[in-house]
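Trainee: structure, please.
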Amino acid sequence: MQTTYKIILYAGIIFFSISAWAQNEMVLVFNTNLEAGTTVTLPLHGTLNVTVNWGDGNTNDFTTEANHNHTYTAEGEYTVSISGSLAQFGNGTETYDNAAKLASIESWGDLGLTSLAGAFRDAANLVEIPNQFPDGITSLSNTFKGASGFNSDIKWNTSGVTNMYGMFEDATAFNQDIGSWDVSNVGNFTNWLNGGRLSTPNYNSLLTAWVELDLVPNLSFHAGSSTYSPGTPEAARQTLLDAVADGGFNRNIKDGGDVKSVFSVIYDVNGGTGDVPVDGNVYNAGDEVTVLSQGDLVFAGYTFTGWNTQADGSGDAYDEGDTFPMPADNITIYAIWNAIDYSVTYHANEGTGDVPVDGNPYNVGDIVTVLGQGDLVFAGYAFAGWNTA
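Mentor: Coordinates of the predicted model:
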């Protein structure tokens with residue numbers, strides 16, 4: 001009985017120790033199938049003293065900042081853990097190799113991180129990170145820059161963050177309601193969402209919530225092509241723009257404007273069939289529009305000759321890749337089709353004499369009148385008419 005008791009207690013102590021140790025690790029999942037090669041990269045910078053378990057039986061100790069690589073012997077998904085102390089995960093303003101193989105962050109651990117500058121830059125396949133924000137982070141500059149697939153719901157406590165330069169620049173999928181973020185200590189918002197866009201409801205939420213904070217004044221704030229609604233969001237945005245002496249924050253805001261001043265380009269198949277090209281962009285008047293391709297559009301009996309602002313082809317004509325300035329209104333561009341000319345050919349089918357000739361061109365749907373036998377003969381046979389086969 002005593003022996004049994006000791007075994008159970010011992011197992012319990014081991015379990016507790018392993019669980020506590022695991023909670024101190026930063027845990028990442030890489031999938032080498034997401035990009036060519038089996039090498040992965042960890043951007044470990046600042047002061048560090050870490051042990052990396054690469055998830056394949058290999059470990060390394062690192063005390064020097066660098067982009068540290070590891071090559072696996074086979075393709076697959078690997079869970080990598082980092083323990084010890086690390087000041088910055090990320091390569092700052094620079095890119096690093098193999099970022100597209102990073103699939104998720106499972107845990108931040110307790111490494112003493114103070115910066116995620118450039119942490120997930122160009123991590124196009126990153127889809128999941130912890131909702132709990134690590135304590136002590138002050139820099140999120142370029143953190144998700146170019147992370148084009150990232151759209152995780154991150155309700156972070158960002159009250160200690162001072163730098164969000166380019167945080168979501170070119171993170172084209174990101175569209176979350178982050179109005180709950182405390183950004184009162186952020187002193188750099190330049191290029192924050194440049195190349196991206198929040199939905200109008202999410203941008204409205206951000207404007208109306210952040211204007212209530214004690215924000216750092218005199219900053220540039222780039223919200224990409226996000227648009228806001230009239231009323232409370234518009235008033236909140238104006239307060240952000242107003243001079244400090246007038247009760248505002250003197251912000252220089254770049255965004256898509258109010259929803260009344262942005263316009264769309266709509267493509268019309270104009271009789272054709274197939275997938276209609278979709279331009280998902282929103283434009284301000286004067287923005288450059290690039291004309292899309294025909295895609296798989298077809299129209300039986302017709303050839304595609306380009307696009308036009310009028311269905312009958314009497315307007316402005318455009319080819320794929322052409323550009324034009326966006327007017328101050330939505331615009332529809334129509335596919336233009338030219339009818340193919342077909343001919344009817346008569347064949348004597350071993351008969352002799354003058355073969356009938358139909359010199360008319362025909363389009364699909366035109367009525368064709370069949371010609372007579374003329375002087376065609378075939379010895380030993382009587383003419384019975386014409387056939388398509």
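Trainee: in the stretch 1-150 of the chain, which spans are strands?
Mentor: All strands of the stretch 1-150 of the chain, identified by DSSP state E, counting those that start in this stretch, fall at 26-31, 39-53, 59-62, 66-71, 77-89, 102-107.
Trainee: return the set of buried residues in the longest one.
Mentor: Meaning strand 39-53. If you call a residue buried by 16 or more other CB atoms under 10 Å, then strand 39-53 has these buried ones: V40, T41, L42, P43, L44, H45, G46, L48, V50, V52, N53. Where C-beta positions appear, they are placed from N, C-alpha and C, glycine not excepted.
Trainee: tell me how far stretch 259-278 lies from the chain's centre.
Mentor: 20 Å (CA atoms, centre = their mean, to the nearest Å).
Trainee: low-scoring pLDDT stretches of the protein, where are they?
Mentor: The chain contains residues with pLDDT under 70 at 1-23.
Trainee: so what's the residue count around the residue nearest to I129 when sequence neighbours are not counted?
Mentor: Spatial nearest neighbour of I129, chain neighbours left out: I105 (4.3 Å); criterion: CB to CB, 6 or more residues apart in numbering. I105 sits with 20 neighbouring residues when counted by other CB atoms under 10 Å.
Trainee: give the contact list for I105.
Mentor: Taking CB atoms under 8 Å, 6 or more residues apart in numbering, we find I105 in contact with M26, V27, L28, V29, L126, E128, I129, P130.
Trainee: out of those, who's the most crowded?
Mentor: Going by other CB under 10 Å, L126 tops the contacts of I105 with 26 neighbours.
Trainee: that one: what's it in contact with?
Mentor: For L126, the contact set (CB under 8 Å, 6+ apart) comprises L102, A103, S104, I105, F120, A147, G149, F150.
Trainee: narrow those to just the buried residues.
Mentor: Applying 16+ other CB under 10 Å to the contacts of L126 flags L102, A103, S104, I105, F120, A147, F150 as buried.
Trainee: just checking, the first one touches A123?
Mentor: Read that as L102. Yes. Between L102 and A123 there is a contact at 4.7 Å, judged by CB atoms under 8 Å.
Trainee: tell me where the stretch 201-350 of the chain has strands.
Mentor: For the stretch 201-350 of the chain, the strands defined by DSSP E, counting those that start in this stretch cover 220-222, 252-254, 262-263, 265-268, 283-284, 288-290, 302-308, 317-318, 323-325, 331-339.
Trainee: now mean neighbour count too, for these, in a markdown table please.
Mentor: Below are the strands of the stretch 201-350 of the chain laid out as a markdown table (neighbours: other CB atoms under 10 Å):
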| stretch | mean neighbour count |
| --- | --- |
| strand 220-222 | 20 |
| strand 252-254 | 16 |
| strand 262-263 | 20 |
| strand 265-268 | 17 |
| strand 283-284 | 18 |
| strand 288-290 | 14 |
| strand 302-308 | 18 |
| strand 317-318 | 17 |
| strand 323-325 | 12 |
| strand 331-339 | 19 |
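Trainee: of all those, which one is nearest G187?
Mentor: strand 220-222 (11.1 Å; CB to CB).
Trainee: the closest one packs against which elements?
Mentor: The contact analysis (3 or more CB pairs under 8 Å, 6 or more residues apart in numbering; DSSP states H and E) places strand 220-222 against strand 252-254.
Trainee: would you mind putting the buried residues of strand 39-53 into a markdown table with distance to F304 alongside?
Mentor: Listed next are those as a markdown table, based on distance: CB to CB, whole Å:
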| residue | distance to F304 |
| --- | --- |
| V40 | 45 |
| T41 | 45 |
| L42 | 50 |
| P43 | 48 |
| L44 | 53 |
| H45 | 53 |
| G46 | 56 |
| L48 | 58 |
| V50 | 58 |
| V52 | 55 |
| N53 | 57 |
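Trainee: name the nearest of these relative to D182.
Mentor: G46 (24.3 Å).
Trainee: I figured that closest one hits Q88, correct?
Mentor: Yes. Shown here, G46 and Q88 form a contact pair, counting by CB under 8 Å, at 3.8 Å.
Trainee: mutual contacts of these two, please.
Mentor: Shared contacts of G46 and Q88, counting by CB under 8 Å, 6+ apart, come down to E65, T114, S115.
Trainee: rewinding a little: tell me which two of the contacts of L126 sit farthest apart.
Mentor: Farthest-apart pair in the contacts of L126 is I105 and G149; separation 13.9 Å (CB to CB).
Trainee: helices of the chain, start to end?
Mentor: For the chain, the helices defined by DSSP state H occupy 2-23, 200-210, 232-241.
Trainee: residues contacting the second one, please?
Mentor: It refers to helix 200-210. 175-181, 183, 198, 223, 226-229, 232-233, 236-237, 240, 255, 259.
Trainee: returning to what we had before: nearest to T290, of the contacts of I105?
Mentor: L126 (28.1 Å).
Trainee: keeping just the C-alphas, turn stretch 77-87 into CSV.
Mentor: Only the C-alpha atoms of stretch 77-87 are listed here, as CSV (Å, rounded to 0.1, in the frame of the first residue of the first chain):
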residue,chain,number,x,y,z
GLU,A,77,4.7,19.8,-39.8
TYR,A,78,7.0,20.5,-36.9
THR,A,79,6.3,22.0,-33.4
VAL,A,80,9.2,24.1,-32.3
SER,A,81,9.7,25.3,-28.7
ILE,A,82,11.9,28.1,-27.4
SER,A,83,12.8,28.3,-23.7
GLY,A,84,15.0,30.7,-21.8
SER,A,85,15.2,34.5,-22.3
LEU,A,86,14.6,36.5,-25.5
ALA,A,87,14.2,40.2,-25.9
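Trainee: buried sites along that stretch?
Mentor: For stretch 77-87, the neighbour count (16+ other CB under 10 Å) marks Y78, V80, S81, I82, S83, G84, L86, A87 as buried.
Trainee: count of neighbours near the nearest residue in space to E35 that is not next to it in sequence?
Mentor: With CB to CB, 6+ apart as the measure, A100 is the residue that lies nearest to E35, at 4.3 Å, once sequence neighbours are left out. As a burial measure, A100 scores 19 neighbours (other CB under 10 Å).
Trainee: any idea how far A100 is from I82?
Mentor: The gap separating A100 from I82 is 20 Å, by CB to CB, to the nearest Å.
Trainee: thank you, goodbye.
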